[in-house]
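> Make a model of this:
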Amino acid sequence: MSEQIKIERKAGDQRLSQLGVKSWPIWTKEPSEFPWSYDAAETCYLLEGDVEVTPDGGGETVRFGAGDLVTFARGLSCTWKIHVAVRKHYTFE
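Purely as a prediction, here's the structure:
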């Protein structure tokens, strides 16, 4: 797994409650492919979806989906490829 992208598979209710995930805003996006750069670290929890993210410069592609808690490092530039429409809670640090 990439050091710039950390995935916590099937995060439990206790962990989500500890982070206050349900109070975070929700973002949705249809299947698509687009470049993205992170000016701040982001943590998100996928309610729905299937996504591949590939870091620029040949980093390892990671795939995640519903139930996964994902953290993206500040400064990461990557390409998102959404296979199944995404609905996620998110927060920036």
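> Tell me where the model's unsure across the protein.
1-2 (pLDDT under 70).
> What are the boundaries of the strands in it?
Using DSSP state E, the strands found in the chain span residues 5-8, 26-29, 32-37, 42-55, 62-65, 69-72, 77-92.
> The last one pairs with which strands, and in what direction?
With DSSP bridges as the criterion, the sheet partners recorded for strand 77-92 are strand 26-29 (antiparallel), strand 32-37 (antiparallel), strand 42-55 (antiparallel).
> partners of the most centrally placed residue in the chain in the sheet?
In the chain, the residue lying closest to the centroid (C-alpha atoms, centre = their mean) is V70, at 4.4 Å. Beta bridges link V70 to I7, C44, judged by DSSP bridges.
> where's it relative to E8, distance?
Counting by C-beta to C-beta, to the nearest Å, the gap from V70 to E8 is 8 Å. Placement of C-beta: from N, CA and C, glycine included.
> OK, contacts around G20?
Listed by C-beta atoms under 8 Å, 6 or more residues apart in numbering, the contact set of G20 is empty.
> circling back to that earlier point, list the contacts for the residue nearest to the centre of the chain?
5-8, 43-46, 64.
> now do 6 Å
Contacts for V70 were tallied using C-beta atoms under 6 Å, 6 or more residues apart in numbering; they are 7, 44, 64.
> just the strands paired with strand 77-92: most buried one?
Mean neighbour count (mean count of other C-beta atoms under 10 Å) peaks for strand 42-55 among the strands paired with strand 77-92, with a mean of 19.
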